[in-house]
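K.L.:
Turn this into a structure:
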Amino acid sequence: MKELEQICEDIRKRRKSLGIIQTDLAEISGVSLRSLKEIETGKGNPTLSNLLKILNTLGLKITLTSRIKND
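P.N.:
Prediction:
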């Protein structure tokens, strides 16, 4: 879950560094303002779809690393 917390923090930092207010980011990305606020504060359980919309809008990408091991 630590990875999700870091993604949420990165979203908030990137938005602020670009000088975008939450209302505008929500509108541009197509995510509700309530969902955006929950994501930025690390509350709730964001959908992958909403995370990707916000990340794409902010020009951010995430990479996934596999932790699945075959025995």
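
K.L.:
Tell me which stretches of this protein form helices.
P.N.:
Along the chain, counting by DSSP state H, helices occupy 2-17, 22-29, 33-41, 48-58.

K.L.:
Point out the one among those helices that comes closest to residue 65.
P.N.:
Closest approach to residue 65 among those (Cβ to Cβ): helix 2-17, 9.2 Å. (C-beta placed from N, C-alpha, C; glycine too.)

K.L.:
Centre of the chain to that closest one, how far?
P.N.:
Relative to its parent chain, helix 2-17 has a centroid offset of 6 Å by Cα atoms, centre = their mean, to the nearest Å.

K.L.:
that older thread, mean pLDDT, distance to residue 65 and mean neighbour count for the helices of the chain - can I get that in JSON lines?
P.N.:
Putting the helices of the chain into JSON lines (pLDDT from 0 to 100; distance: least, Cβ to Cβ, whole Å; neighbours: other Cβ atoms under 10 Å) gives the following:
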{"stretch": "helix 2-17", "mean pLDDT": "93", "distance to residue 65": "9", "mean neighbour count": "14"}
{"stretch": "helix 22-29", "mean pLDDT": "98", "distance to residue 65": "25", "mean neighbour count": "16"}
{"stretch": "helix 33-41", "mean pLDDT": "96", "distance to residue 65": "21", "mean neighbour count": "16"}
{"stretch": "helix 48-58", "mean pLDDT": "95", "distance to residue 65": "16", "mean neighbour count": "17"}
